[in-house]
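Participant: structure for this input, please:
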Amino acid sequence: MKARFEVLDGLRGTAALLVVIFHVLEMTWLDPAQNPLHHAYLAVDFFFALSGFVVGHAYDDRRAAGMTIGQFFATRLKRLHPLVILGVVIGLVGYVVDPFVGKNQQVGLGRLMLTFLPLLLTLPSPGLPNRYGETHSLNGPVWTLFQEYLANIVYALIGRWIGIKALAAVVLIAAVALTVTAAHHGFLGAGWGWDTVWIAPVRMLFPFLAGLLVYRLKIRIRIPAAWPLLSLALIAVFAAPFLSIHGTIKPNGLLEAAMIILLFPPILAMGAAGTVSGATARVCRFFGELSYPLYITHYPFIYVYGHWVWSAKPDRATALGVGAVLIVFLLALAWAAMRFWDAPIRARLGR
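Facilitator: Residues are numbered from 1 along each chain as shown. Sure, this is the predicted structure:
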C-alpha cells in the first residue's frame, strides 16, 4: 500500500477552509487590499502544487507498470468529476432561486443551458448577467478544475516521460513566466474571468510541475509539529501585506510570485516529511477528504451571501456573524456531499 501523506491532507483542508473564509470576508471587504486574508486566492496555486506532488506519487509507478493514458484519465475523472457535476448543479439552482438579486439574473432557458452544459464538462462558457465576466459563471471555482484537467493532460502526454533535468528546466521557464505575469498584472487573483483567462494556465503550470519535481527529487524537510506550523505558515502567507499594484513593475505581483515560487515548494517538502498519529492523523485525514467537496460546493452560496450583504447593507459585525454561520453550514454540506454523493458514486464507478 502506498504511503499516505497525512500532513499534506491536513494542509489541503487548511487551505480549503481559508479560501472559504476569504470569500466570506470578500463580501464585506470588496477591495483585496483591505481583506484580512489579502492573498488567500493563492490557495489555488497551493492546490496545484499539491496536485502535482500527489499525481506523481499516485501514478509515476503505475506508468512504469504499463498504465495506459486512457486508464489514467478514467481514474482521474472518477476522482474529480462527480463533485464537479454536483457543484455545477448547485450553482444552477443558486442562480435561479437567489432571492436577493431582483431581476438582475433573469435569463432565458436557452442562454442558461448554453452556460450550464459546458460547465458540466468544466469547459468555459458564455457568462451570465451579474457574474462579473466569469468563465464558469454558475460556480466560479470550476475554472480551477478545468486547469486541473489541463495539468493532467500535460502529465499524461509529457510529464510521465520527462526526465528530472528536463522537468527542472521547464519548471524554471514556468517560474519566469509566472513572475513576468505577476509583475505585469499586479496580483495573481486572476484567471477566472474572460478578461484574464490567459493567466489561468500560467498560474497552473509552475506550481503543478514544481510539485511533481519535489516528489521526484524526494525533497523532504523534517520539522516538528508540521501540520499546525505549516498551517500557520499558510495563514501568514495569505495575510501578508498587500503591496502596490501601480507602476510598470508592481511590487504586489512580485511578492505573490515569490510566495508561490520560493515558499510553496518548501512547505510541500516539509508537509511530505511530516508525521502525525492518533487523533491528529484522523483530523488531517478527515479535513483532507473534506477539502475538495468544500471547495467545489461553497461558492454558489457565497454569491447569495454577497447579494444579501450588498442589498440589505447590514453592519459589518452582523454580516460577519451570518458569514460564520454560513461557514458552519458549508462544512456540513461538504460532509454530506462527500458521504452521500461522492463516495457512493466513486465506489460504483470503481466496481
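
Participant: point to the residue nearest the middle of this protein.
Facilitator: Centroid-nearest residue in the chain, with C-alpha atoms, centre = their mean: Val44, separated by 3.6 Å.

Participant: surely that one and Phe208 touch.
Facilitator: No - shown here, Val44 and Phe208 do not form a contact pair, counting by C-beta atoms under 8 Å, at 11.2 Å. Where you see a C-beta, it was placed from the backbone N, CA and C, and this is true even at glycine.

Participant: what segments of the protein are helices?
Facilitator: 6-26, 43-64, 69-97, 109-119, 142-154, 164-185, 199-216, 226-238, 251-258, 264-273, 278-297, 299-312, 316-337, 343-350 (DSSP state H).

Participant: what's around Asp195, how many residues?
Facilitator: The number of residues packed near Asp195 is 11, by other C-beta atoms under 10 Å.

Participant: ok, the nearest residue to it once chain neighbours are set aside to Gly10 distance?
Facilitator: Spatially, and ignoring its direct neighbours in sequence, Asp195 is nearest to Gly133 (6.0 Å; C-beta to C-beta, 6 or more residues apart in numbering). Distance, Gly133 to Gly10, using C-beta to C-beta, to the nearest Å: 35 Å.

Participant: more neighbours, these two?
Facilitator: Gly10 (27 against 13).

Participant: list the contacts for the residue nearest to the more buried one when sequence neighbours are not counted?
Facilitator: Nearest non-adjacent residue to Gly10, counting by C-beta to C-beta, 6+ apart: Cys284, 3.2 Å away. Taking C-beta atoms under 8 Å, 6 or more residues apart in numbering as the criterion, Cys284 is in contact with Glu6, Val7, Asp9, Gly10, Gly13, Trp227, Val276.

Participant: identify the residue nearest Leu320 in space, chain neighbours excluded?
Facilitator: Thr28 (6.7 Å).

Participant: what pLDDT is listed against that neighbour?
Facilitator: With respect to pLDDT, Thr28 has a value of 91.

Participant: neighbours of it, how many?
Facilitator: With other C-beta under 10 Å as criterion, Thr28 counts 20.

Participant: now swap in Arg351 and tell me
Facilitator: 5.

Participant: how about the contacts made by it?
Facilitator: So Arg351 contacts nothing (C-beta under 8 Å, 6+ apart).
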